[in-house]
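Colleague: Just to be clear, the model below is a prediction. Sequence and coordinates:
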Amino acid sequence: MRSHVDLVADLGEGFGSWSMGDDAALLEVVSSANIACGFHAGDPRIMDRTVADCVARGVNIGAHPSFPDLVGFGRRTVDATAEEVRTDVTYQLGALQAFARAHGTRVSHLAPHGRLGNLVAVREDYARAVVDAVERVDPDLIVLAQDG
């Protein structure tokens, strides 16, 4: 029997001139990346560069959507309806997909970030909203979630 471990890290988690983490070092060891999609971190230039870096190293690209919370890095609870979660996830996934297409690749998975990820594990309406967004945009995506 052959085993495979997909090592994943969260990347592209800066915005403007502010950066967080050593993405270049992580890209040397990971096989997949969860890329911030602009709501907790990431901006168009960072997303574009991170996707390009992943493509250059053969790293799978995943969307890392969150609540709209730059100040709290997506870790604060946002009083959002399930419909708002669905549309926010759709928007963020679509943005990353556009960069992936521009670089000749595709998004392979989606992993909710921070507080959204915590709540998806315990709120069925949020979990359904995330799955609904993925099914509407690309039903072939893998959805990663916390146990709950």
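Modeller: Good, I have the coordinates. Note that this is a predicted model, so its numbers are computed, not measured.
Colleague: Which residue ranges of this structure form helices?
Modeller: Using DSSP state H, the helices of the chain run over residues 23-27, 44-57, 82-102, 114-120, 124-137.
Colleague: just so I know, which of the ones you listed lies nearest Gly12?
Modeller: Closest approach to Gly12 among the helices of the chain (Cβ to Cβ): helix 44-57, 3.7 Å. (Glycine included, C-beta is placed from N, CA and C.)
Colleague: on that earlier part again, with mean neighbour count as extra columns, can I get the helices of the chain in TSV?
Modeller: What follows is the helices of the chain, written out as TSV (neighbours: other Cβ atoms under 10 Å):
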stretch	mean neighbour count
helix 23-27	15
helix 44-57	18
helix 82-102	19
helix 114-120	22
helix 124-137	18
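Colleague: Out of those helices, the one nearest Gly16 is which?
Modeller: helix 44-57 (8.6 Å).
Colleague: Asp69 is nearest to which of the helices of the chain?
Modeller: Going by Cβ to Cβ, the one of the helices of the chain nearest Asp69 is helix 114-120, 7.5 Å.
Colleague: packing partners for that closest one?
Modeller: helix 124-137 (3 or more Cβ pairs under 8 Å, 6 or more residues apart in numbering; DSSP states H and E).
Colleague: still on that earlier bit, I'd like a version of the helices of the chain in TSV, one that adds mean pLDDT as further columns.
Modeller: Formatted as TSV, the helices of the chain follow (pLDDT from 0 to 100):
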stretch	mean pLDDT
helix 23-27	97
helix 44-57	98
helix 82-102	99
helix 114-120	97
helix 124-137	98
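Colleague: TSV for these, including distance to Val5?
Modeller: As requested, the helices of the chain are exported to TSV (distance: least, Cβ to Cβ, whole Å):
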stretch	distance to Val5
helix 23-27	15
helix 44-57	17
helix 82-102	23
helix 114-120	21
helix 124-137	24
